[in-house]
Every structure is written in C-alpha cells, then in structure tokens.
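1. Here is the input, now give the coordinates:
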Amino acid sequence: MGINWELGASAGRSLLLCSGLLVAGCALGLRLGRRQGAADRGALVWLCYDVLVHFALEGPFVYLSIVGNIANSNGLIASLWKEYGKADARWLYLDPTIVSLEILTVVLDGFLALILIYAIVKEKYYRHFIQITLCVCELYGGWMTFCPEWLMGSPNLNTNSWLYFWVYLVFFNGVWVLIPGLLLWQSWTELKKMHHKGTSVGKKSR
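-> As a prediction, this is how the structure comes out:
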C-alpha cells in the first residue's frame, strides 16, 4: 500500500464538510440529550450525525445518480462523492446495488433515526424496537455494500493510498458497523434488565 501523507484540496474540502456535519450532530445531540444519561447523550449525538449524513449527503447522491451520475455532476456534494469515488469507483456511476442500498438508507434509515431520536428524548416504550431495527438496517447496508465486491475480487476498490483505504473505506464505513453494534448491545442489555425486572415483579405478586 502506497503511503502519501499529502491531502489534496478536494480531500480537504470533503473532510471539512464531514467534520462540519459531525460538529452539528454533536451540538444537536448534546442539546437534545441534556436531561439524558451519558450513554443516551452519546446515542443522540450519533443519531443526529447519522440523520445529517443520510439526508444532506446520501440524499443528494441518490438524486444525482438517478438523474445522471456523480462523475458528470458539479457542486460541493458531487465533489465530495467524486473524492470518495477515488476509493470506490462504484459511487461515480449508477451502480444498481449501491444506488438501491442508498435509496433504502436515505428513506428507511433516515426516518428511523428521526423516530429513534424522538423515542429517546420522550422515553417512549418502543425505543429499543426502533433502535434494533435501525441498527440491523445499517449493518445490512454495510454488508451488502462490500460483500458482493469482495466476492468479485474488489475490482472497484482502490487500496493503494492510506487516505483511500484507512480513512475513506475503513474508517468512514467502519463507524457504521461499530456504533450500530454498540447500540445493539445497549438494547440487548436494557431488554434483559426489563425482563429480569418483570420476572421479579411477577414472582413477588404471586
């Protein structure tokens, strides 16, 4: 793997835009979770960032891919996806699998994340059902994005640069595996606690 530590202007703009969305997600999540515990504040920060990425970045990607393709599009969002396309060429043109997954991600995952934010803030009974559903959808999207490519020998992936491999492919996709996995674990432990509590109350009432 080649090592080139210089960032071009396009990479710098793309990373700055992602950082800006992260800052906005942190601000929104911390504000919404000011009365929540640390774990739920962290979840809200992630979910706000998740929503912003789905709607502000992936939504335009779907639109630009359907009306044409990213490679021939102009603008800030198109330039970000052109930059990412240097690591994964499928994002430059209308790849049916990628665009289909992104439609599902924007519509289903985006709105599930909004519902989950509401459920956490308002402490709704259906919070963990939505959380588990969203996390499974996110993990499924990641698997279907890369598994077909791996089975074909990864012809569209560029791993010759530390930036393309470690930042674009590993980090930016890895966080959508790691954090949904942690949220699934949180739901598992909370549901287990509720089950044990309900069992204990049932035994005492007999």
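2. check contacts around Y93.
-> By CB atoms under 8 Å, 6 or more residues apart in numbering, Y93 lies in contact with N69, I70, A71. Every residue, glycine included, has its C-beta placed from N, CA and C.
3. So which residue is dead centre in this structure?
-> W176 (4.6 Å; CA atoms, centre = their mean).
4. Any regions of the chain where pLDDT drops low?
-> 1-7, 198, 200-206 (pLDDT under 70).
5. State which helix of it is the longest.
-> helix 172-205 (DSSP state H).
6. buried set for that helix?
-> N173, W176, I179, P180, L183, L184, Q186, S187 (16 or more other CB atoms under 10 Å).
7. Between those, which sits nearest A11?
-> Distances from A11 to the buried residues of helix 172-205, taken as CB to CB, are shortest for N173 (16.6 Å).
8. quick check, F61 in a helix?
-> Yes: the assignment for F61 is a helix, going by DSSP: H, G, I helix; E, B strand; the rest coil.
9. Make JSON lines out of the buried residues of helix 172-205 and add distance to T159.
-> Compiled in JSON lines, those are given as follows (distance: CB to CB, whole Å):
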{"residue": "N173", "distance to T159": "13"}
{"residue": "W176", "distance to T159": "19"}
{"residue": "I179", "distance to T159": "23"}
{"residue": "P180", "distance to T159": "24"}
{"residue": "L183", "distance to T159": "29"}
{"residue": "L184", "distance to T159": "28"}
{"residue": "Q186", "distance to T159": "33"}
{"residue": "S187", "distance to T159": "34"}
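10. Spatially, which two of those residues are the most separated?
-> For the buried residues of helix 172-205, the maximum inter-member distance is 22.0 Å, found between N173 and S187 (CB to CB).
11. What ranges does the protein have for its strands?
-> Shown for the chain, no strands are assigned by DSSP state E.
12. neighbours around N74, how many?
-> By other CB atoms under 10 Å, the residues close to N74 number 9.
13. before we move on, the earlier item: show me what the longest helix of the chain is packed against.
-> When contacts are defined as 3 or more CB pairs under 8 Å, 6 or more residues apart in numbering; DSSP states H and E, helix 172-205 sits against helix 38-52, helix 127-151.
14. Might you report the residue contacts of the residue nearest to R13 when sequence neighbours are not counted?
-> Nearest residue to R13, sequence neighbours excluded (CB to CB, 6 or more residues apart in numbering): S79, at 6.6 Å. By CB under 8 Å, 6+ apart, the residues touching S79 are S10, R13, S14.
15. I'd like to know which of those residues are part of helices.
-> Among these, the ones falling in helices (DSSP H) are S10, R13, S14.
16. looking at it, the last one is touching L80, isn't it?
-> To tie it back to what came earlier, the one meant is S14. Yes: the pair S14 / L80 is scored as a contact, 4.5 Å apart, by CB atoms under 8 Å.
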